[in-house]
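*Asks:* Return a 3D structure for these sequence lines:
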Amino acid sequence: MKFQTILCCLGLVSLVACAEQEKTCVVPKPFKLVDKAKTIPTDTIIHTDRLSVQLVNFWAAWCGPCRQELPFLEKIHTDKKATVTLINVGDKKEMAEKILSELNIKLLKTRLASSDILSDFSLAGLPASLVFTDKHVYLGIGRLKDEKAIEDWLGCLGQSQ
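*Replies:* Here you go, the predicted structure:
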């Protein structure tokens, strides 16, 4: 069964997803294949580096697990496993930038969004990550713990595109 998934990235990306998973890429926890369309508002995301795998991470300053995974997300981006976009939920710009600075996050910038974005995506909590390929969309709720498995998976997804 095929369905349309749209990632509005200033009108630059349109993705078609299907319900079958990549046959050779083992999906690590906490990710699961999403079986419904998602739309990200155009004013929320800007991708400057266009890899075939896009990871969008929702985080907040008060969220300890969010802060723990930020250095890993920068590594994913630096190693070109995926283009990573951070979306800070509910904080002021100064607070979000302070957290990134304290964690020595230099390459990733964050976009700001109100907490309404959580209900827009039916996200049950933070941190949350969406991974987009040209065929599939995956959702992970909770901290990205198994870094090696996630890196291997993202690398596999990038090679299978």
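
*Asks:* ok, then the element right after the longest helix along the chain?
*Replies:* Secondary structure assigned by DSSP state H gives helix 64-78 as the longest helix of the chain. Per DSSP states H and E, the first helix or strand lying C-terminal to helix 64-78 is strand 83-89.

*Asks:* after that next one comes which helix or strand?
*Replies:* Trace forward from strand 83-89 with DSSP H and E and the next one is helix 93-102.

*Asks:* The most centrally placed residue in the chain pairs with what?
*Replies:* Among the residues of the chain, V56 comes closest to the average C-alpha position under C-alpha atoms, centre = their mean, at 2.1 Å. Counting by DSSP bridges, V56 is bridged to T85, L130.

*Asks:* so who does I141 touch?
*Replies:* With contact set as C-beta atoms under 8 Å, 6 or more residues apart in numbering, I141 has these partners: P30, L123, A124, G125, P127, A128. For every residue, glycine as well, the C-beta is placed using N, CA and C.

*Asks:* So G155 sits against I76, correct?
*Replies:* No: between G155 and I76 there is no contact under C-beta atoms under 8 Å: 9.7 Å.

*Asks:* Looking at these two, which one has more neighbours?
*Replies:* With neighbours defined as other C-beta atoms under 10 Å, G155 and I76 compare such that I76 has more, 24 against 17.

*Asks:* how about the strands in the protein?
*Replies:* Using DSSP state E, the strands of the chain run over 2-5, 15-18, 31-33, 54-59, 83-89, 110-113, 128-132, 137-141.

*Asks:* Touching, V131 and K81? I think so.
*Replies:* No: in this structure V131 lies outside contact range of K81 using C-beta under 8 Å: 10.4 Å.

*Asks:* Show me what the longest helix of the chain is packed against.
*Replies:* Under the contact criterion of 3 or more C-beta pairs under 8 Å, 6 or more residues apart in numbering; DSSP states H and E, helix 64-78 touches strand 54-59, strand 83-89, helix 93-102, helix 147-159.

*Asks:* so can I have a markdown table of those showing mean pLDDT?
*Replies:* Compiled in a markdown table, the helices and strands packed on helix 64-78 are given as follows (pLDDT from 0 to 100):
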| stretch | mean pLDDT |
| --- | --- |
| strand 54-59 | 96 |
| strand 83-89 | 95 |
| helix 93-102 | 97 |
| helix 147-159 | 95 |
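
*Asks:* Out of the ones you listed, which gets nearest to L139?
*Replies:* L139 lies closest to strand 54-59 among the helices and strands packed on helix 64-78, at 10.1 Å (C-beta to C-beta).
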